[in-house]
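[1] what follows is a predicted structure for the sequence shown.
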Amino acid sequence: MKQENGQHRGRGRPATGLTPKRYFRMDDDSWAEVVRASEATRETTSEYVRRVLLRDAKRVLSKRS
C-alpha cells in the first residue's frame, strides 16, 4: 500500500504510541488483582500500573537519600 507521499508503508501494524513498551512476567492471580484494583480506581490497567510503580519507586528512592 502506498502512502500519500508515494512511499510504500512497511509490513505489519503501524506504531500506536510514542513511548516504548515494557514487558514483565506476572502470575495470573496477581494480574487479576491488579486488574480489579485498576477497575476500582477507574483507571486503565496501564495507567494504574504506571502510577503505582512510579509512586513506589519514588518512595524507595526517597528513603535512600
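    In hand now; what should we look at? Numbers count the residues shown, from 1 in each chain.

[2] now residue 48, nearest residue through space, not along the chain?
    residue 38 (3.6 Å; Cβ to Cβ, 6 or more residues apart in numbering). (C-beta placed from N, C-alpha, C; glycine too.)

[3] in this structure the one you found contacts residue 51, no?
    No: counting by Cβ atoms under 8 Å, residue 38 does not reach residue 51; the two are 9.3 Å apart.

[4] more neighbours: which of those two?
    residue 38 (18 against 13; other Cβ atoms under 10 Å).

[5] spatially central residue in this protein, please.
    residue 46 (4.4 Å; Cα atoms, centre = their mean).

[6] roughly how far does that residue sit from residue 22?
    Taken as Cβ to Cβ, to the nearest Å, the spacing of residue 46 relative to residue 22 amounts to 10 Å.

[7] thinking again about what came up before, which residues do residue 38 and residue 51 both contact?
    Residues touching both residue 38 and residue 51 (Cβ atoms under 8 Å, 6 or more residues apart in numbering): there are none.

[8] flag the shaky bits of this protein, pLDDT-wise.
    1-4, 6-9 (pLDDT under 70).

[9] now do the helices in it.
    With helices called from DSSP state H, the chain shows them at 28-40, 45-64.

[10] looking at these, spot the one closest to residue 14.
    Nearest to residue 14 among the helices of the chain is helix 45-64; the distance by Cβ to Cβ comes to 19.1 Å.

[11] next, the buried residues of the closest one.
    48, 49 (16 or more other Cβ atoms under 10 Å).

[12] so which elements touch that helix?
    helix 28-40 (3 or more Cβ pairs under 8 Å, 6 or more residues apart in numbering; DSSP states H and E).

[13] residues making contact with the helix it packs on?
    By Cβ under 8 Å, 6+ apart, helix 28-40 touches 26, 44, 45, 47, 48, 49.

[14] quick one: contacts for the last one?
    Pointing back at residue 49 there. 34, 38.

[15] could you redo the last one with a cut-off of 7 Å?
    Listed by Cβ atoms under 7 Å, 6 or more residues apart in numbering, the contact set of residue 49 reads residue 34.
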